[in-house]
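> Give the three-dimensional model of this entry:
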Amino acid sequence: MDSVPNPGRRSFLLGRAAARPDPSPQPGAVITQACLAHRGVSCMTCRDACPTGAIRFRLARGGALPALDPEACTGCGDCVAICPAGAITLAAPHG
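Got it, this is the predicted structure:
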């Protein structure tokens, strides 16, 4: 049996696995202040349209506000097309 531990496996088991670089970064959604939820209107069409669940709404005083998970966002644009306020755009990838 090999007595030298596998550093990749050890890091993974300790929760320190290195993230693999994405070879082709995708654009991500950006939700602006023009979002109807920022004006107290209960609209969650972007959340409903998102195939990966990257857009969620968190409770806030006066209603719920959108929160985007950039790791889950694929940049597909489904939320952009459906937003009645035009409050979502796709931003260029970082890096």
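> In this structure S42 contacts G63, no?
Yes - between S42 and G63 there is a contact under C-beta atoms under 8 Å: 6.4 Å. No exception for glycine: its C-beta is placed from N, CA and C like everyone else's.
> any idea whether C46 is helix, strand or coil?
Secondary structure, DSSP: H, G, I helix; E, B strand; the rest coil: C46 is helix.
> residues touching it, list them.
I31, I55, P66, C79, I82, C83, I88 (C-beta atoms under 8 Å, 6 or more residues apart in numbering).
> tally of neighbours for the second one?
In terms of burial, I55 registers 23 neighbours under the definition other C-beta atoms under 10 Å.
> separation between it and V30?
11 Å (C-beta to C-beta, to the nearest Å).
> Would you format the contacts of C46 as JSON lines with pLDDT, distance to C46 and secondary structure included?
Shown next, in JSON lines, are those (pLDDT from 0 to 100; distance: C-beta to C-beta, whole Å; DSSP: H, G, I helix; E, B strand; the rest coil):
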{"residue": "I31", "pLDDT": "95", "distance to C46": "7", "secondary structure": "strand"}
{"residue": "I55", "pLDDT": "96", "distance to C46": "5", "secondary structure": "strand"}
{"residue": "P66", "pLDDT": "95", "distance to C46": "7", "secondary structure": "strand"}
{"residue": "C79", "pLDDT": "96", "distance to C46": "4", "secondary structure": "helix"}
{"residue": "I82", "pLDDT": "96", "distance to C46": "6", "secondary structure": "helix"}
{"residue": "C83", "pLDDT": "97", "distance to C46": "6", "secondary structure": "coil"}
{"residue": "I88", "pLDDT": "96", "distance to C46": "6", "secondary structure": "strand"}
